[in-house]
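Trainee: return atomic coordinates for the entry below.
(chains A and B)
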Amino acid sequence: MNNSRIWSIVIFAAAVLIFGLSWIIIGSQAGHNLTDAFLVTVAAFLTLSILSFLYKDNPYYKFAEHLFVGVSAAYWMSVGFWSTFVGNLLPRISPSLCTYFGVPYKGFDIFFFIPLILGVFLLMRLSSKMGWLSRWSLAFIVGTTAGLNLIRYLRSDFISQVSNTFVPLVTDWRGIGPFFSDFSLSITGQFAMSLSNWVIFVGVFCGLIYFFFSKEHKGAFGYASRMGIWVLMITFGASFGYTVMGRVSLLVGRLTFLFHDWLGLVK
Amino acid sequence: MKFKIMILGCLLLALALPALAQDSVKTVEASAIPAISPPAPATNVTAMDSPNDNGHSLTLRWTLSADDGAGQKTVLGYKFLRSFFPDSGFVLREGMAPSGSSEYVDMGGRKPDDRDFMPNDTDYYYIVRAITADSNVYSDSPVIGPVKAVGQLYNVGRTLVLVFVLCFAAITIFFIRRARKGAKLFVRRLAGIEAVDEAIGRATEMGKPILYVLGLGTAADIATIASFTILGRVAKKVAEYQTGLIVPCYDAIVMTVAQETVRTAYLDAGRPDAYNDDMVYYVTSNQFAYVAAVNGTMLRQLPATNIYMGTFYAESLLLAETGALAGSVQISGTDQVAQIPFFVVACDYTLIGEELYAASAYLSREPILLGSLKAQDYGKAAIIVISILGIIASQFRWNWFLELFKAGN
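Mentor: Residues are numbered from 1 along each chain as shown, chains lettered A, B, ... in the order given. Got it, this is the predicted structure:
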């Protein structure tokens, strides 16, 4: 038996001992029962198994990963069946199947046969002869939703954002635009708001220049493009810091679980 | 010391006593609130179908009660009663309008099984009730109606969207036709995409596979659609070089489309026999379980190149950081602004936002994609022009121009 195998057995035995003891100790405490204690211990074990990835890939991480993937895949399949097939489709096409599954029948609607047929077409991929039918479903899904998204993006990402750039570059005492007028701004306020509006204007202008693909970025265009990438990078930097703080709070959440719920060291 | 504390205590007590006394006065006053007399009712009540919707909604307007903000100033707001009949069956609706407001949109459910379903083409009658602090004291307007909710085929408020869609479509068709006729449409160099060929070559030399991650988007997301085109190009090169390809998928439909894309690419490369359905596989639709699985794949199969193209969320850094740890060359691209910084710090090349869409045109050189890319550039030029006009309009307070874009929302 080589050294690494011995170490593996020792670590496994230590893990079984630690988590076994933890289960018994938590379960014997007032206000806990053995089932709760078991669930907390398993959650702690899985948390530490996932965190062990920080060291390197190992059997505990593999176990947690496969368990997580398996359980979640099965869960989503179950959710898809019960919420989409049983919850949405059957109540519109079949009273007898509704009775069988115990869901209320909502009246026959012939339009619900369209998703049913498209769904069956998708499953035709399993057949080598009829597999081409699945492309109809895919074409429908991609085409329809791309068309719907076009309108949505035009409204939210285009018109709405363009209208947000409508700011005066020289702000007077009334503030920015007619929607925020009568602010009674001081001279300093007017200067600060004018500066802010200039940043918006230059940022948007140069940012857009960077995303011009059908023109070489040379000369004045190149300078504006370089300015644009600076604006983008400063924005990304701010976004990075903001998001990292959010991730730290997630870590704090897991540590709180380990030290409060499992070990009871933090009250 | 004790003496000082006592003096301080006395001072605090002396300050607190008047406040306590005031409180007791207020209590006496509160108990002696005079009875409220009914306010004047809302007048000139009108009810009409809400415009620019698919029905199931009615708009009520009225002239404020004489006691709303004036007179007795007792009106707290307005509530609404609705019935199918003019003389009976009125039921109080859930919403209310605060004092000072003279319009209320009564929006009902759109589906028959919605809790508050409001069918179209049905007669409704309304009463507007001016309410006071005393729930028993109010005054009702005369019954108004009948009024019907009707759906409109055309939303006037979105005319601007229609104009932009038509203009954009016209420009796109124009450039697609030009590209098909053989006009050379220039696309500037995209470093991230030029690195793809290099990365595939590296993988071939090392004898290791390429990992292609399509992200968490659905097959209908624009970023995922762009990613399919890039996947097609990568798969074709992979087939030519006989390198391995791993495509773990988050969504079952995305997996189906990705399988079709890779299969077609292998066919185009003249190596349909080398295609295997297991190259593109479904993992799970749970975000972090998916990440755990892909991370495991990275460390166990040690791909030479990781390509992340599509829609990404919180998993972006987890994936890119693990890939960097595994020593893979990494190329990424997403339109999710919040995730781009993570890719920038952890990947060798990053396609920022719209570069991802341009990449598909850059790689394929297909007339349709090149034409639409050129049209997008014209769209951006239009944005700059409109922004400058908007800034001038805002500076000189040309409200009609600003309202035009407000209505477009």
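
Trainee: okay, and the helix or strand of chain B with the least pLDDT?
Mentor: Ranked by mean pLDDT, DSSP states H and E, the weakest helix or strand in chain B is helix B:2-31, scoring a mean of 48.

Trainee: if you skip the residues just before and after it, what's nearest to residue B:281?
Mentor: Nearest residue to residue B:281, sequence neighbours excluded (C-beta to C-beta, 6 or more residues apart in numbering or on different chains): residue B:248, at 6.2 Å. C-betas here are computed from N, CA, C, even on glycine.

Trainee: which element is the one you found on?
Mentor: Element membership for residue B:248, per DSSP states H and E: strand B:245-249.

Trainee: go on, residue A:35?
Mentor: According to DSSP H and E, residue A:35 maps onto helix A:34-51.

Trainee: what's next to that helix, contact-wise?
Mentor: A:15, A:19, A:22-24, A:26-27, A:29, A:60-61, A:63-65, A:67-68, A:254, A:257-258, A:261-262, B:292 (C-beta atoms under 8 Å, 6 or more residues apart in numbering or on different chains).

Trainee: quick one: buried residues of the helix or strand that the strand holding residue B:248 is followed by?
Mentor: Tracing the chain past strand B:245-249, the next element assigned as helix or strand by DSSP H and E is helix B:252-268. Within helix B:252-268, the residues scored as buried using 16 or more other C-beta atoms under 10 Å in any protein chain shown are B:253-263, B:265-266.

Trainee: how about stretch A:153-173?
Mentor: So for stretch A:153-173, counting by 16+ other C-beta under 10 Å, buried means A:154-155, A:158-159, A:162-163, A:165-168, A:171.

Trainee: mean confidence for the helix or strand containing residue B:61?
Mentor: Here residue B:61, judged by DSSP H and E, is contained in strand B:57-63. The average pLDDT for strand B:57-63 rounds to 90.

Trainee: what are the contacting residues of that strand?
Mentor: Under the criterion C-beta under 8 Å, 6+ apart, residues B:42-51, B:78, B:80, B:102-108, B:118, B:124, B:126, B:128, B:141, B:144, B:147, B:149 lie in contact with strand B:57-63.

Trainee: alpha carbons of it, as PDB, please.
Mentor: What follows is strand B:57-63, C-alpha atoms only, in PDB (Å, rounded to 0.1, in the frame of the first residue of the first chain):
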ATOM      1  CA  SER B  57     -58.200  47.700 -18.400                       C
ATOM      2  CA  LEU B  58     -60.400  50.900 -18.000                       C
ATOM      3  CA  THR B  59     -59.300  54.400 -17.200                       C
ATOM      4  CA  LEU B  60     -61.300  56.600 -14.800                       C
ATOM      5  CA  ARG B  61     -61.000  60.400 -14.700                       C
ATOM      6  CA  TRP B  62     -62.700  62.900 -12.500                       C
ATOM      7  CA  THR B  63     -62.600  66.400 -11.100                       C
END
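
Trainee: whichever helix or strand comes after that strand pairs with which strands, and in what direction?
Mentor: Once the chain leaves strand B:57-63, the next helix or strand it forms, by DSSP H and E, is strand B:77-83. With DSSP bridges as the test, strand B:77-83 is paired with strand B:91-98 (antiparallel), strand B:124-131 (antiparallel).

Trainee: what's the mean pLDDT across the helix holding residue A:35?
Mentor: 90.

Trainee: name the residues of it that are buried.
Mentor: A:37, A:40-41, A:44-45, A:47-51.

Trainee: got CSV for the residues you listed, with distance to residue B:218 too?
Mentor: Listed next are these as CSV, based on distance: C-beta to C-beta, whole Å:
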residue, distance to residue B:218
A:37, 41
A:40, 36
A:41, 38
A:44, 35
A:45, 34
A:47, 30
A:48, 34
A:49, 31
A:50, 27
A:51, 31
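
Trainee: any idea which of these is the one closest to residue B:217?
Mentor: residue A:50 (24.7 Å; C-beta to C-beta).

Trainee: what's the distance between that closest one and residue B:317?
Mentor: 16 Å (C-beta to C-beta, to the nearest Å).

Trainee: again, but for residue B:267
Mentor: Counting by C-beta to C-beta, the gap from residue B:267 to residue B:317 is 36 Å.

Trainee: what do you get for residue A:214?
Mentor: 33 Å.

Trainee: residue contacts, residue 87?
Mentor: I went with chain A, as the question did not name one. Contact analysis of residue A:87 by C-beta under 8 Å, 6+ apart lists residue A:103.

Trainee: nope, chain B please
Mentor: Contact partners of residue B:87, counting by C-beta under 8 Å, 6+ apart, are residue B:143.

Trainee: can you check the pLDDT for it?
Mentor: In this model, residue B:87 carries a pLDDT of 84.

Trainee: helices or strands next to the next helix or strand along the chain from the least confident helix or strand of chain B in the packing?
Mentor: Per DSSP H and E, the first helix or strand lying C-terminal to helix B:2-31 is strand B:43-49. Packing partners of strand B:43-49 (3 or more C-beta pairs under 8 Å, 6 or more residues apart in numbering or on different chains; DSSP states H and E): strand B:57-63, strand B:124-131, strand B:144-147.

Trainee: now what about the strand holding residue B:248, what contacts it?
Mentor: B:209-214, B:231, B:234-235, B:238, B:255, B:258, B:262, B:279-283, B:290, B:293-294, B:297, B:301, B:303.

Trainee: and it with helix B:252-268, angle?
Mentor: 160 degrees (axes from the mean of the first three to the mean of the last three C-alpha atoms, to 10 degrees).

Trainee: what's the spacing between the helix holding residue A:35 and its chain's center?
Mentor: With C-alpha atoms, centre = their mean, to the nearest Å as the basis, helix A:34-51 stands 25 Å off its chain's centre.

Trainee: tell me if the following helix or strand past it is near chain B.
Mentor: Sequence order places helix A:59-79 as the next helix or strand after helix A:34-51, per DSSP H and E. Yes: Helix A:59-79 lies within reach of chain B by C-beta under 8 Å from any C-beta of the partner chain, at A:61-62, A:64-65, A:68-69, A:71-73, A:75-76.

Trainee: one step back: got the CA positions of the helix holding residue A:35 in CSV?
Mentor: Taking C-alpha atoms only, helix A:34-51 is exported to CSV below (Å, rounded to 0.1, in the frame of the first residue of the first chain):
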residue,chain,number,x,y,z
LEU,A,34,-31.2,13.6,15.2
THR,A,35,-32.8,14.3,11.8
ASP,A,36,-32.0,18.0,12.0
ALA,A,37,-28.5,17.3,13.2
PHE,A,38,-28.0,14.9,10.3
LEU,A,39,-29.1,17.5,7.7
VAL,A,40,-26.9,20.2,9.2
THR,A,41,-23.9,17.8,9.3
VAL,A,42,-24.5,16.7,5.7
ALA,A,43,-24.8,20.3,4.6
ALA,A,44,-21.5,21.2,6.4
PHE,A,45,-19.8,18.2,4.8
LEU,A,46,-21.0,19.1,1.3
THR,A,47,-20.0,22.8,1.9
LEU,A,48,-16.5,21.8,3.0
SER,A,49,-16.2,19.3,0.1
ILE,A,50,-17.0,22.0,-2.4
LEU,A,51,-14.6,24.4,-0.7
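
Trainee: low-confidence ranges, the chain, go.
Mentor: All of this refers to chain A. Residues of chain A meeting the criterion pLDDT under 70: A:1, A:173-183.

Trainee: my question was about chain B
Mentor: B:1-34, B:407-409.

Trainee: swap the cut-off to 50 and go again
Mentor: Scanning chain B for pLDDT under 50 picks out the ranges B:2-3, B:13, B:15-31, B:409.

Trainee: any idea how it splits into domains?
Mentor: Domain segmentation of chain B under automatic domain parsing yields B:43-147, B:157-173+B:370-407, B:185-365.

Trainee: winner for burial among the ones you listed?
Mentor: Ranked by mean neighbour count under mean count of other C-beta atoms under 10 Å in any protein chain shown, these are led by domain B:185-365, which reaches a mean of 21.
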